[in-house]
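> just a sequence and a predicted model for now, questions to come.
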Amino acid sequence: MSTAVESSKPPTAADTLTINEIFYSIQGESTFAGQPCIFVRLTGCDLRCTYCDTEYAFYEGKRRTLGEIIAEVEKHPCRLVEVTGGEPLLQKRVHTLMSRLCDAGYTVLIETSGAHDIGPVDSRVHRIMDLKCPSSGECARNRIENLPLLGVRDEVKFVIGTEEDYAWAKAQVLAGVPGWTDRVNAILFSPVFGKMTPLELATRVMADALPRVRMQIQMHKLIWEPNQRGV
Ligand code: SF4
């Protein structure tokens, strides 16, 4: 049992995460698109994608205890939580946060760049993992060792800004590391906002009808202003 003296101690680094923002919105992407969702955005990313729309999360943030984070999540009425960034897997304590949210009965998603080991993620969490296309400038950071780890809860996202990107994504789906395309819950093709129109991508997706591939657009950017934060 904690004593009064112990409980008055300041939190240690092991109890905290650096959080950019926590907000309640509509999930704009993945097979969960359209559902109310609470977002926990962690600070920091070691990639610099050309199209990044969350550069403010690279450095801005405050250290918050896991208890504070969960208490803020619990203020909102839904049971779906996405842990995102930045790159959430850079902070190792994120695994404890996700497990505690699962224990509390939440459906938990993590959105990750795919540049880090997804193996330690709690098996109850739905992993939404990018495979970075050439125009991101970060294609070389794709961690190919993650592909055999993908399972039935997981979704792989290609963010497509150019014809070269589309051809690259198509090649990964048709001839990438065998097995992962059949195992995952979904393969998402998403246009880079402002670079490729939804119609351009839709035309390609319809022409090829690749197995398991579904197109998505960032629904939250249609509901609110595209650059609005906290939605
Ligand atoms: S991985 Fe995500 S947060 Fe990091 S630079 Fe790329 S788009 Fe931005």
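Sure, I can see it. Numbering: from 1, shown residues only.

> only C-alpha atoms from now on, for both contacts and neighbour counts.
Fine.

> quick check: residue 17 is in a helix.
No - using DSSP: H, G, I helix; E, B strand; the rest coil, the secondary structure at residue 17 is strand, not a helix.

> neighbours of it, how many?
Neighbourhood size, residue 17 [other Cα atoms under 10 Å]: 22.

> low-scoring stretches of this structure, by residue?
Low-confidence segments of the chain (pLDDT under 70): 1-13, 176-178.

> swap in 80 and give it another go.
Within the chain, the ranges that satisfy pLDDT under 80 run 1-14, 175-178.

> now the helices for it?
4-7, 66-73, 94-103, 163-175, 180-183, 198-208, 219-223 (DSSP state H).

> get me the contact residues on the chain for the ligand.
Residues of the chain found near the ligand (Cα under 6 Å from any ligand atom) are 45, 47, 48, 49, 52, 54, 85, 86, 87, 113.

> give me phi/psi at the second one?
Meaning residue 47. Residue 47 adopts backbone torsions of phi -110, psi 170, taken as degrees, to the nearest 10.

> contact partners for the closest residue to it other than its chain neighbours?
Nearest residue to residue 47 in three dimensions, chain neighbours excluded: residue 138, at 6.8 Å (Cα to Cα, 6 or more residues apart in numbering). Listed by Cα atoms under 8 Å, 6 or more residues apart in numbering, the contact partners of residue 138 are 47, 48, 49, 132.
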